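J.: Here is my input; please provide its structure:
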Amino acid sequence: MICIHHLLNNVITYYHGRGLVDMVAKASKTYRVTEFEGLLTQISNISPAIGVYLQDANVKKWVWCHFPGYRYDINTNNPAESINSVLRSPREYPIIPLLDNIKC
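T.: Coordinates of the predicted model:
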């Protein structure tokens, strides 16, 4: 998969498409091919250069409805979220018991 964050940054930086970022983000999250094609047509009508860039980026790598693999089998939690979930109840302990809990 292509990181949508970087794709959107490229749209802004290289094509000055700040006004189209929301449309591109919405297009990337569509579940229906017809909805995606409609959004891509709108984007291409507004900025043909961005439309060509998005097509060249291989839609199978950044659009949900075209992605061939499983999207939900990868754990995407960042380390801070993982630590927070582990320390949910020990967080309320005094500092020394909290540190002892973390150490174990």
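
J.: residues in contact with stretch 41-49?
T.: By Cβ atoms under 8 Å, 6 or more residues apart in numbering, the list of residues contacting stretch 41-49 from outside reads 15, 17, 19-20, 23-24, 27, 50-52, 54. For the C-beta atoms, the positions are set from N, CA and C on the backbone; glycine is no exception.

J.: Can you give me the domain boundaries for this protein?
T.: Using automatic domain parsing, the domain parsing of the chain gives 4-66, 74-104.

J.: Which among the contacts of stretch 41-49 count as buried?
T.: Among the contacts of stretch 41-49, those scoring as buried are 15, 17, 20, 23-24, 27, 50-51, 54 (criterion: 16 or more other Cβ atoms under 10 Å).

J.: Show me which pair in those residues is furthest apart.
T.: Comparing all pairs in the buried ones among the contacts of stretch 41-49 by Cβ to Cβ, the longest separation belongs to Tyr15 and Ala27, at 14.7 Å.

J.: tell me which strands and helices the helix or strand hosting Val24 is in contact with?
T.: According to DSSP states H and E, Val24 maps onto helix 21-28. Judged by 3 or more Cβ pairs under 8 Å, 6 or more residues apart in numbering; DSSP states H and E, helix 21-28 is in contact with helix 4-15, helix 33-46, helix 48-56.

J.: mind giving me TSV with those helices and columns for mean pLDDT and distance to Ala80?
T.: As requested, these are arranged in TSV below (pLDDT from 0 to 100; distance: least, Cβ to Cβ, whole Å):
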stretch	mean pLDDT	distance to Ala80
helix 4-15	90	18
helix 33-46	94	33
helix 48-56	93	32
